[in-house]
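1. here's a sequence, model it:
(chains A and B)
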Amino acid sequence: MKPVQLFCWHFMAYPYLDKDFDKSGHSGWVTVPNKLWDNDKARGLYQEYIGQLALADELGFDGMVLNEHHQNIYGLMPSPNLIASALTQCTSRGKIVILGNLLPLHLNPMRVAEEYAMLDQMSNGRLIAGFAPGGGPETFNYDVPSANTREKFWEAADLIVRSWTDDGPFAHEGRYFPLRYVNLWPKPLQKPFPPVWIPGSRSPATMTEVAKRGYCYFLSSRSHGGETHRAQQEFAQVLEKHGDKYHPFRFGILMSTYVAETDRQAREECEEGVWYFLKNCLKGHLRKEGRQLTYGPGVPYIPAAAWREYMKGYTPGRKLLGDVENWEELEASQSIIVGSAETVAARIGALIEKAKVGNLLIQFQLGNMPDHLARKSMKLFAEKVAPILRHNSSIQFAKEYPGINVEQSAQAVH
Amino acid sequence: MSGRTVAIIGRKVWLLENGSGAPLLYLHGFADVHSVKEGWLPFHEQLAKSARVIAPAHPGCAQSDENKDIDMIEDVVFHYLEVLDALEIDKFDLVGHCLGGWIAAELAARHPEKIRKLVLIGASGLFVEGALIGDIFMNAQPEFGSSYATLREMLFSNANQANALEMFPDGKGELEDEVRRYQMLRLSSRIGFKPPYFYNRPLRNRLHRITSPTLVIWGEKDGFVPRSHGETYAKLIPNSSELKIIPGAGHSAHAEKPEETAKLVSDFLAK
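-> Below you'll find the predicted structure:
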């Protein structure tokens, strides 16, 4: 059985904020004043980040993960496809996962279909095509009306996949993106089409749509206490309902880690970057400080009945990941796992064992973490943690999922 | 107070009716009937002393069915033409606040013959250069995990006055109130988010078609729809009086100064 797939995730944060940014009252998102951008410091930043992803490929990670964000200090990839394009030329074996293009932000989904097809060709069939609807901040960045975002998203996603598989030209008689001549040039390399991953945060509606189409579900919430296990069980149930069966490679999670020679050294080396990430990058997103843009009545994208259900369990002022006050709380959240190779292997191993997750999307560079530390941590992980996780998970998966063909229909042809 | 459901082309519309006399169609805004509380505000009760006040909940608000085909204000105007047919009303007084005022102005520009008299209170809908309508969606996102102070500031003259806090409390209010607030934002997002925000550029050049006597009322300290929008409505609607300002009130003049605002409206309709 295939072992757990280990991917190197990058946000490409803006790492040069002043130490007192958190006290300035600015959100890190949407309205964060762009006069804070400093060209003297930022020159070469993209090269540094791309270099870290290329290193992941050299170290034998199963792939590199990119994502789309706009107008924030959390992630400097308004166009992940541009970074992916660079990676097609400076990496040779890992998957290139774009998780994902935010479809409702695109005037015409065919642009995404075309660019993904190009990237699949340019990477020799290494693309994993992620589609995401975008969250609260994008609503404000790109003036995307919330109420019909989900309908728009699924229409666009289905149109893109159809353009990859059906012979053109054909007319798409859609509600939001009607097109007379859909006729994709180039076609993607992978057949019938590149694997599709969709992020969600445990909404049953998203899980259902993902299950219906046979895609991989990626849990975007970052705290991995009981929630990850529950999400896995919920998704497995939804799959059963649609006559399908869960296996670990239908599911992915995002987490962060830092590995050093000892537990103590690990904490000392990464702590500044961790707090930069939690306090600055998450401010406006997963943090109470400032305005919470990600979820709320101002971005009403779920139906009123779903909002009623959500409100029943909602506790105002509840702590989010960015609100953790000390190291102990952070450790308990299991979102950022820090320590020696032994510690990290044990803790991530336990997470895989419980959550039965086959795709681990791991953030190594955190906040303003310097290049040399991010690289050292990645290297230690690849050499000392990855082999243990791979070994144990392949035994576990073979035992728990005997006879399941994990190769998705749309796997790489090379 | 009595509520009932009207059926139009396969959808339910929830409405409240109060009082007797000439029909007065009331189209709601945010701090308003159907958008926060289930029942009437004192303002509407005052109006109902001299008119038959009919207040439908917009599509997707309160118990009215949602209509996913709504993309723009035009769709809401046609929705109300259906409602009027179902109610068998062909001539009526039309009063609208905020988003409801926008719908009222659009309706009046298309069907001036249906409107006896028109009242706009803090109406959105116009593009006025250099005077953007506020971002209610951003302000509906909580600050510090639970504060809606800036939302109240936008909708009222003072964020901490009693009825502002009652309608838009910090933290979590009554579940059904929370749902009603959400529904109103969801409908608004369909028509008021694009073009941003809450306007329809061509409306301005259509206002000359409105023939009914018109009264435009604005809160002195409207923090959501700038006063210049009221001045523009009053100037471009041919039969409009001068803009009437309610001293001390914010955007929700009808909720903050109900007696004063209702008297202005009733006197105007009685003339």
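2. just the element for the residue in the stretch 51-200 of chain A positioned nearest to chain B, please.
-> For the stretch 51-200 of chain A and chain B, the shortest gap (CB to the nearest CB) falls at A:Pro145, measuring 3.8 Å. C-beta coordinates here come from the backbone N, C-alpha and C atoms, glycine included. Assigned by DSSP states H and E, A:Pro145 belongs to neither a helix nor a strand.
3. leaving out the residues flanking it, which one is nearest to it?
-> Spatial nearest neighbour of A:Pro145, excluding adjacent residues (CB to CB, 6 or more residues apart in numbering or on different chains): B:Phe193 at 3.8 Å.
4. identify the residues contacting the one you found.
-> Residues in contact with B:Phe193 (CB atoms under 8 Å, 6 or more residues apart in numbering or on different chains) are A:139, A:143-146, B:137.
5. show me what contacts the residue of the stretch 51-200 of chain A closest to chain B?
-> A:139, B:189-190, B:193-194 are the contacts of A:Pro145 under CB under 8 Å, 6+ apart.
6. and with 6 Å instead?
-> A:Pro145 makes contact with B:189, B:193-194, according to CB atoms under 6 Å, 6 or more residues apart in numbering or on different chains.
7. cool, and A:Leu373?
-> For A:Leu373, the contact set (CB under 6 Å, 6+ apart) comprises A:Glu269.
8. can you pull the residues of chain A lying near chain B?
-> A:143, A:145-147, A:288, A:291-293, A:296-298, A:300, A:304, A:307-308, A:311, A:316-317 (CB under 6 Å from any CB of the partner chain).
9. which of these count as buried?
-> A:145-147, A:288, A:291-293, A:296-298, A:300, A:304, A:307-308, A:311, A:316 (16 or more other CB atoms under 10 Å in any protein chain shown).
10. which among those gets closest to A:Gln89?
-> Nearest to A:Gln89 among these is A:Leu293, at 35.0 Å by CB to CB.
11. let me know whether the closest one touches A:Gly284 as I believe.
-> Yes: the criterion here is CB atoms under 6 Å, and A:Leu293 meets it with A:Gly284 at 5.2 Å.
12. list residues touching both of those two?
-> A:Trp29.
13. can you give me the helices in the stretch 301-414 of chain A?
-> Applying DSSP state H, counting those that start in this stretch to the stretch 301-414 of chain A gives helices spanning A:304-312, A:327-333, A:341-355, A:371-380, A:386-400.
14. worst average pLDDT in those helices?
-> Of all those, the minimum mean pLDDT falls on helix A:327-333 (a mean of 91).
15. in contact with B:Gly122, which residues?
-> Contacts of B:Gly122 by CB under 6 Å, 6+ apart are B:97-98, B:218, B:222, B:225, B:251.
16. which of those fall within strands?
-> Among those, the residues falling in strands (DSSP state E) are B:97, B:218.
17. now the strands for the chain?
-> Picked chain A for this. A:5-9, A:63-66, A:95-102, A:127-132, A:170-172, A:179-182, A:196-200, A:216-219, A:251-260, A:336-340, A:359-363.
18. hm, I was asking about chain B
-> B:2-8, B:11-18, B:23-27, B:52-56, B:92-97, B:115-121, B:214-219, B:244-246.
19. distance to chain A and mean pLDDT added to those, as JSON lines?
-> Shown next, in JSON lines, are these (distance: least, CB to the nearest CB, whole Å; pLDDT from 0 to 100):
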{"stretch": "strand B:2-8", "distance to chain A": "17", "mean pLDDT": "93"}
{"stretch": "strand B:11-18", "distance to chain A": "13", "mean pLDDT": "97"}
{"stretch": "strand B:23-27", "distance to chain A": "19", "mean pLDDT": "98"}
{"stretch": "strand B:52-56", "distance to chain A": "17", "mean pLDDT": "98"}
{"stretch": "strand B:92-97", "distance to chain A": "20", "mean pLDDT": "98"}
{"stretch": "strand B:115-121", "distance to chain A": "23", "mean pLDDT": "98"}
{"stretch": "strand B:214-219", "distance to chain A": "22", "mean pLDDT": "98"}
{"stretch": "strand B:244-246", "distance to chain A": "27", "mean pLDDT": "98"}
